[in-house]
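Novice: return a 3D structure for these sequence lines:
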Amino acid sequence: MTDVKGAVDADNAVDDLGANIVAALSKSNIPPDEWTPEVLGPADQIHGGGLMQTQLHADLTTITPDMHLLDIGCGIGGPARYFAHAFGCRVTGIDLTEIYIDVARMLTEKINLASRVCFDCGDATDLPYDDASFDMAWALNVTMNIEDRVGFYRGVHRVLKPGAVFAISELGQGPNGDPYYPLPWARDPSYSFLVPPDEMRKMLEAAGFRVVHWVDEAARRLAAAENPPPPPPAIYTPLTIEITRGDDYPAKRANSGKSAKEGRLTNVMLVAEKL
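Specialist: Now for the predicted structure:
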């Protein structure tokens, strides 16, 4: 059986990650007080769709300053910092990869958000938090590495307050065969645990959630391509996703796109309420 933590850590092992991000920004004369979500986004929003996807997903929820959010599989903290920056709320992030947590803490300190955003290194399937601790939970392209999906959903249900919501984006198994590897979350199928969207929905419901928003991302992106919205204002940043995910990330992303186009992967964005 594959050691999932070891495999994920190996995938995420980028030498001097934090120093490389700081050096790139310093070389471009961008001081920490200008490290906005848009400037950091290409490197710290490491799920599919990046910052724009985080913003679209947040639009399906209601986040207020008095809330405490949990970001599961937080990476280097991009979404967590965005939520705190945009909505004034508190956020706790948790991730399996220690180097990601170290970088998340460093970046958060540098932009003076440490009073509202904190990070823990831990396992998403064994959340180290008390019952009913959080007003909302997020998992952005995380569950594909989680084999015990029902157990994971039950754990999230436990730490959420009654009526709180769980926002998830997830790649799932498509009807037309296995996807092409390597993929952004796994080099091979041994630690990629894909399920069809209908099964995922049943697991969520069995864990005590009610789905309130369900978005087929392939259909949404196709519609957006046919009727594109106005482009956002251009903001210069020297950062790229390769700084965080490595030089082979474009090939992994290409496999993901090819697999989705051929019906080997599905892509869902949803919000579910704790009953």
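
Novice: pretty sure residue 111 sits against residue 35.
Specialist: Yes - between residue 111 and residue 35 there is a contact under CB atoms under 8 Å: 5.0 Å. To be clear about C-beta, it is placed using only N, CA and C from the backbone, and glycine gets the same treatment.

Novice: got the phi and psi for the nearest residue to residue 85 once chain neighbours are set aside?
Specialist: Once flanking residues are discounted, residue 85 sits nearest to residue 37: 5.8 Å by CB to CB, 6 or more residues apart in numbering. Main-chain torsions, residue 37, degrees, to the nearest 10: phi -60, psi -30.

Novice: residue 170 now?
Specialist: Phi and psi for residue 170, reported as degrees, to the nearest 10, are phi -150, psi 140.

Novice: okay, the closest residue to it other than its chain neighbours and residue 64: tell me how far apart.
Specialist: Distance criterion CB to CB, 6+ apart; nearest residue to residue 170, sequence neighbours excluded, is residue 143 at 5.1 Å. Counting by CB to CB, to the nearest Å, the gap from residue 143 to residue 64 is 26 Å.

Novice: quick one: which of those two has more around it?
Specialist: Applying other CB atoms under 10 Å to residue 143 and residue 64 shows that residue 143 carries more neighbours, namely 25 against 10.

Novice: any idea of the pLDDT on residue 95?
Specialist: On pLDDT, residue 95 comes in at 97.

Novice: hang on, it packs against residue 101?
Specialist: Yes - the criterion here is CB under 8 Å, and residue 95 meets it with residue 101 at 5.6 Å.

Novice: mind listing the shared neighbours of those two?
Specialist: Common contacts of residue 95 and residue 101 (CB atoms under 8 Å, 6 or more residues apart in numbering): 119, 121.
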